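1. quick one, fold the following:
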Amino acid sequence: MALELLPIGAILSVLTNQVVKTANSARDVLFEKETFKVLSKHLSDIEPVLKELQLQKLNESLIARQALEFLEADVRKANNLVEKYKNRARFYLLLRCRHIVKEVQDVTRDIGSSLAALSLANIEILSGMSDQVKRIQNEMQHVEFEASQGQLQILETLNQGLKDQKLDEVFANDMLKQIARAVGVSVEPLKISKELESFRREKEEAENRKERAEVLFLEQVIELLSRADAARDYEEVRKQYFQRLQVIERYGPTEEYIQPFRAFICCITEAVMVDPVSLCTGTACERAALEAWFDRGEKTDPETGELLEDFSYRSNRQLRQSIQEWKELNYCLKIRSCKAKMLSHVDSSMGEALGHMQELVQETSINRDWISIGGLTEIIFSILEDSVNRDVKRKILSTLKDIVEGHARNKDMLVENKGFDGIILCLEADPCISKAAVELLYEILRDMSGQNVYYLRKLSQHHNAIISLVAISRGPVRESAERAEEILMMLCDEDDDNIVQAAKAEWYRPLIDRIIQGPISSRLFMVRTLVNLEMDEQKLKILGTEGLVPPLLEMVSGNIESKELSLSMLVKLSGCHDNKRLIASAGGVALILELVFSSHLRRIIIATCSEILDKFSSDGDGTKFFVDDNGNQLELESVVKNLLAFQLNPNSPHIFRKPALRALLGICLSDAGLVKTAVLTASGVSLVLPLLDDSDLEIREAAINLLFLFSQHEPQGVLEYLFLPRRLEALVGLLENNEKGDVQMAAAGLLANLPKSEVLLTKKLIELDGLKAIINILSSGTIEAKENALSALFRFTDPTNLESQRIVVELGAYPLLVNLLKVGSVTAKARAAALSRTFCYLQKDRLLGFCRARGPICPAHGGICSVTTTFCLLEAKALPELVGLLEGEVHATAYEAIQTLSTMVREDLFQRGANVLHENDAIRPVLEVLNWGSESLKEEALGLLEKVLMSREMVECYGPIARLPLVRLTGRSIHEEGRLQRKASRVLLLMERYSRSSSSLITGLNGNMVDIASL
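-> Modelled structure (predicted):
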């Protein structure tokens, strides 16, 4: 369209569209990508300038029109340049790299100059963005582009090689690899063949353009690259192999090497030539050796010694071809020999053959094809699975790696012939073999062109592969572990199912990465996978450590499905103590509390949130993790009230009420203040009591545990409930539940908290075998249950109710109490000692009645005693254990032990009791209490000593060791109006009274004489 016929506004619109189109197209050019990206950016910067001109309604003027036409022409040139190089052969583009960057640079500068002219013609209109326009035009006018040094180095090497007529295979292979690597093409026959075909079309187009110099250059490059192994046509390679094979048939089966002709040997190096050149005299030498010859100042023919007049030389292509044919015949001989050795199945021969194959591959890449064409590749596949020789297996894997390296056809052959089967078996072998297997796998899967997708899918069908790779990634060999991880990442990038398989093998990194940054559908799939996996605490800890918590908390704010899945996974994670800390520190608890008490969410979500709260308060953690993201304790009174409110509706599903009840229990167990809140302000007892009748055992068990806590503050409400029909029977059933120690503990604790004055309750418990259940707990319950059972047992050992005491003893309580004195906790020992004491308060006439019976007389009580009739501590063999409590020097147990021992020394039989304590070594530990005990404990010890030291024998025995601690007590400044001092003085007075030679004066601690009587 002729622009001069268009209005200036239409020209501006056409130009703007052309700028946008060219900028977008420039971003799609693959070669010299950065150069075209800069052009694209500058064009994008021009777009707002043109739009501003459109908005301001540019005035029609000759200068403005010409400036627009110049700019449009330059942008059109840029667009033509982009289109020219967007889909060209990559090899061709590399050869033209200098020219391409120069063209882009020139067109960019031209556009900058045209933009400057346009801005001058429209200064007033563009005044608001003049700085921006100046910056753009200045950058474009001074832009500089250069081809990369790597590209320039390749061109320099190529041009020098063509100048020197280096057309040998080695140089061709090297140049092809460099060029392919520079343009991102895989050095595989199929890829190279396609690229060379495109390259040839570029030469044909140059011929059509009559560009003779370019055509000549491209022909030389094509001829060179076509000599490379990867550029050879497979059918030609195959044909060439069989041609060489026919030639070697005249050599015997044991022949492995054809000697070179003398003409192949360089007269300077005495080695077969690689790049032969010829002097004018006809002497052939290795190029590098001849150059070194002349560099040393030699002026003669290296072979004849004649003085040279002409020092020029040229490539001897015919000799080079003959040497190449000789080498190829030897390759075929060696391949034939290797095949025979592999088929012999002799380990040493197979090892030798594998070494030869590696040498062949390293010498020239065409041998990768010839080894496969000769059938060797398939042979070593089969031997890999069958061989038991570790060294042979390792060498096969290493040789296969060399054979498939950069060779798509050989990779296909391996994969299609079930080569993965043998490789995967080797992954499970010892580290040496598994390392070689991992390296081979990596080589098969590594492919710049994306071809490896097919191989990855094939490998994915072998689930054992992922399991084995995960095991190797955690192994001691660092190189193998790194390679295994790389392969695993390839597999996981290819297919989400592989991520799942890796997670099942306990490798979670890609799964967590997908949850963190994948699309929502993929994130949901991965979380659902984790929810369905069986995991122990260690696995859950790994998930938390690797960063799963934050994305899960983020997903909680998503849609219903996202909420359900993420919360379900948080339930699992909360089963690990370390994850609780991570969730809490990320603000997760506050979020869960907000959801659990929300009125508009589905019940399943609220139930899941309740389950998380249950996990957080379980295992003794209580309120420890109920904090915000700064570690500050959350306000929990409202939480307790709301959790109790969940129990208002008894028809609510158990899945909803049960975790809320357990969470409430965990919170209350850790904070007595919250228990008080639950009882006094939230009617906790009245809400929880009906749950004892629930059909669900877990709810009943949680309820009894809560009632145990609540009954400390409101025992009356619990008592009234228990007197209702069948309630007490249910409580006894909980006492009898030997499988649940916490339930027994709570039920026994509940009874211990109820008023002991309720005789009817005591009676009914005996009738319903509740007492028997309590005593059974002393035998087989947990230590916590035993402690509460001991407290509950006080109800049945009231000294005024001998019948109840008798039943307790007949049910076997006494031996259990004595055993607890020895092996129980501190609390259990103290309570057992106190209970033992309650049995000792017998009426005097009852004891006298037993004294008239026949039998051995009790040393302590002077009658006939037994455990079941008089509840005698001596007969129960409790004294040694009580003495042991004193020697343990624990205040709580020593206090109860002294009080119980005091029952042995009755006023009417004090001499007998004192003798029994003496014979059982109980008095010395009592005296020791005066040295280490608390004030109250010392007072109890003095009370017992006051009973014991009422005979001359006891005074004479213990006076010497008792006097000093007693004197210390009388000389101290004692609080409580000197009660302890007075007691100590009374004991001293007794000792003076019953000693053989007494004095009313003793020396105090301060050296002064103290009158005992005055004290």
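2. can you give me the helices for the stretch 651-800 of the chain?
-> 654-670, 672-680, 684-688, 697-710, 715-722, 727-735, 741-753, 759-767, 770-780, 783-793 (DSSP state H, counting those that start in this stretch).
3. okay, those in a markdown table with distance to residue 72 next?
-> Any C-beta I mention is one placed from the backbone N, CA and C, and that applies to glycine too. Rendered in a markdown table, the data for the helices of the stretch 651-800 of the chain read as follows (distance: least, CB to CB, whole Å):
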| stretch | distance to residue 72 |
| --- | --- |
| helix 654-670 | 72 |
| helix 672-680 | 80 |
| helix 684-688 | 84 |
| helix 697-710 | 82 |
| helix 715-722 | 94 |
| helix 727-735 | 93 |
| helix 741-753 | 87 |
| helix 759-767 | 105 |
| helix 770-780 | 99 |
| helix 783-793 | 91 |
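4. residue 909 is nearest to which of those helices?
-> Closest approach to residue 909 among the helices of the stretch 651-800 of the chain (CB to CB): helix 783-793, 27.6 Å.
5. now the angle from the closest one to helix 697-710?
-> Angle, helix 783-793 to helix 697-710, by axes from the mean of the first three to the mean of the last three CA atoms, to 10 degrees: 60 degrees.
6. now do helix 783-793: everything it contacts.
-> Outside helix 783-793, the residues that touch it by CB atoms under 8 Å, 6 or more residues apart in numbering are 708, 741-742, 744-746, 748-749, 751-752, 774-775, 777-778, 781, 808, 813, 820, 824-825, 827-828, 831-832, 835.
7. with mean neighbour count and distance to residue 137 as added columns, please give the helices of the stretch 651-800 of the chain in TSV.
-> Putting the helices of the stretch 651-800 of the chain into TSV (neighbours: other CB atoms under 10 Å; distance: least, CB to CB, whole Å) gives the following:
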stretch	mean neighbour count	distance to residue 137
helix 654-670	23	70
helix 672-680	18	74
helix 684-688	22	80
helix 697-710	23	79
helix 715-722	17	90
helix 727-735	19	90
helix 741-753	25	82
helix 759-767	16	101
helix 770-780	22	94
helix 783-793	24	86
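8. columns mean pLDDT and distance to residue 383 on top of those helices, output as JSON lines?
-> Compiled in JSON lines, the helices of the stretch 651-800 of the chain are given as follows (pLDDT from 0 to 100; distance: least, CB to CB, whole Å):
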{"stretch": "helix 654-670", "mean pLDDT": "87", "distance to residue 383": "60"}
{"stretch": "helix 672-680", "mean pLDDT": "82", "distance to residue 383": "73"}
{"stretch": "helix 684-688", "mean pLDDT": "84", "distance to residue 383": "75"}
{"stretch": "helix 697-710", "mean pLDDT": "87", "distance to residue 383": "62"}
{"stretch": "helix 715-722", "mean pLDDT": "84", "distance to residue 383": "81"}
{"stretch": "helix 727-735", "mean pLDDT": "89", "distance to residue 383": "71"}
{"stretch": "helix 741-753", "mean pLDDT": "91", "distance to residue 383": "63"}
{"stretch": "helix 759-767", "mean pLDDT": "91", "distance to residue 383": "82"}
{"stretch": "helix 770-780", "mean pLDDT": "93", "distance to residue 383": "66"}
{"stretch": "helix 783-793", "mean pLDDT": "93", "distance to residue 383": "66"}
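9. and those: which comes nearest residue 355?
-> Counting by CB to CB, and looking across all of these, nearest comes helix 654-670 at 67.3 Å.
10. any idea how far residue 929 is from residue 883?
-> According to CB to CB, to the nearest Å, residue 929 stands 12 Å off from residue 883.
11. neighbour count for those two, which is higher?
-> Between residue 929 and residue 883, residue 929 has the larger neighbour count (other CB atoms under 10 Å), namely 24 against 21.
12. wait, that one touches residue 937, no?
-> Yes - with the criterion set as CB atoms under 8 Å, residue 929 and residue 937 qualify as a contacting pair; they are 5.9 Å apart.
13. what touches both of the two?
-> With CB under 8 Å, 6+ apart, residue 929 and residue 937 have common neighbours 894, 898.
14. picking that back up, tell me which of the helices of the stretch 651-800 of the chain sits nearest to residue 295.
-> Put simply, out of the helices of the stretch 651-800 of the chain the one that sits nearest residue 295 is helix 654-670, at 89.3 Å, with distance taken as CB to CB.
15. now do the strands in the chain.
-> With DSSP state E, the ranges of strands along the chain come out as 276-279, 284-286, 313-315, 1001-1003, 1009-1011.
16. worst average pLDDT in these?
-> Per-segment confidence across those bottoms out at strand 1001-1003, which has a mean of 36 in mean pLDDT.
17. since we're on the nearest residue to residue 425 once chain neighbours are set aside, how many residues are nearby?
-> The shortest distance from residue 425 to any residue that is not its chain neighbour, by CB to CB, 6 or more residues apart in numbering, is 6.8 Å, and that residue is residue 385. A count of neighbours around residue 385, defined by other CB under 10 Å, yields 15.
18. correct me, but residue 385 touches residue 424?
-> No - here residue 385 does not reach residue 424: they are 10.5 Å apart, not a contact under CB under 8 Å.
19. name the nearest residue to the most centrally placed residue in the chain, ignoring sequence neighbours.
-> The residue at the geometric middle of the chain, judged as the C-alpha nearest the mean C-alpha position with CA atoms, centre = their mean, is residue 542 (2.8 Å). Taking CB to CB, 6+ apart as the measure, residue 542 lies nearest to residue 508, with 6.3 Å between them; neighbours along the chain are not counted.
20. how about residue 928?
-> The shortest distance from residue 928 to any non-neighbouring residue, by CB to CB, 6+ apart, is to residue 886 (7.4 Å).
21. any idea of the pLDDT on the one you found?
-> Looking at residue 886, the pLDDT reads 91.
22. what about it, how many residues close to it?
-> Around residue 886 there are 26 residues (other CB under 10 Å).
23. in stretch 131-145, which residues are buried?
-> Residues of stretch 131-145 classed as buried under the neighbour-count rule (16 or more other CB atoms under 10 Å) are 133, 136-137, 140, 143, 145.
24. could you dump those to TSV with pLDDT and distance to residue 596?
-> Conversion of the buried residues of stretch 131-145 to TSV gives the following (pLDDT from 0 to 100; distance: CB to CB, whole Å):
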residue	pLDDT	distance to residue 596
133	78	60
136	86	58
137	83	63
140	87	62
143	86	62
145	86	63
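25. quick one: end-to-end distance for stretch 579-594.
-> 20 Å (CA to CA, to the nearest Å).
26. quick one on the thing from earlier: figure out which of the helices of the stretch 651-800 of the chain is closest to residue 956.
-> Proximity to residue 956 (CB to CB) singles out helix 783-793 among the helices of the stretch 651-800 of the chain, at 39.8 Å.
27. ok so, going back, was I right about the residue nearest to the centre of the chain contacting residue 507?
-> No - no contact is recorded between residue 542 and residue 507 when judged using CB under 8 Å, the distance being 9.6 Å.
28. shared neighbours, these two?
-> Between them, residue 542 and residue 507 share no contacting residue, judged by CB under 8 Å, 6+ apart.
29. pLDDT below threshold where in the stretch 451-600 of the chain?
-> Filtered on pLDDT under 70, the stretch 451-600 of the chain yields the residue ranges 451.
30. re earlier: got a markdown table for the buried residues of stretch 131-145, with distance to residue 499 too?
-> Conversion of those to a markdown table gives the following (distance: CB to CB, whole Å):
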| residue | distance to residue 499 |
| --- | --- |
| 133 | 51 |
| 136 | 47 |
| 137 | 51 |
| 140 | 47 |
| 143 | 46 |
| 145 | 43 |
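31. of those residues, just say which sits nearest to residue 334.
-> Nearest to residue 334 among the buried residues of stretch 131-145, counting by CB to CB, is residue 145 at 50.8 Å.
32. contacts only, for the closest one.
-> 35, 38, 101-102, 104-105, 108.
33. which two in the residues you listed are spaced the farthest apart?
-> In these, the most distant members under the criterion CB to CB are 38 and 102, with 14.2 Å between them.
34. the closest residue to residue 583 other than its chain neighbours and residue 505: what is the separation?
-> For residue 583, the nearest residue in space outside its immediate sequence neighbours is residue 549; the separation is 5.5 Å by CB to CB, 6+ apart. Residue 549 sits 22 Å away from residue 505 when distances are taken as CB to CB.
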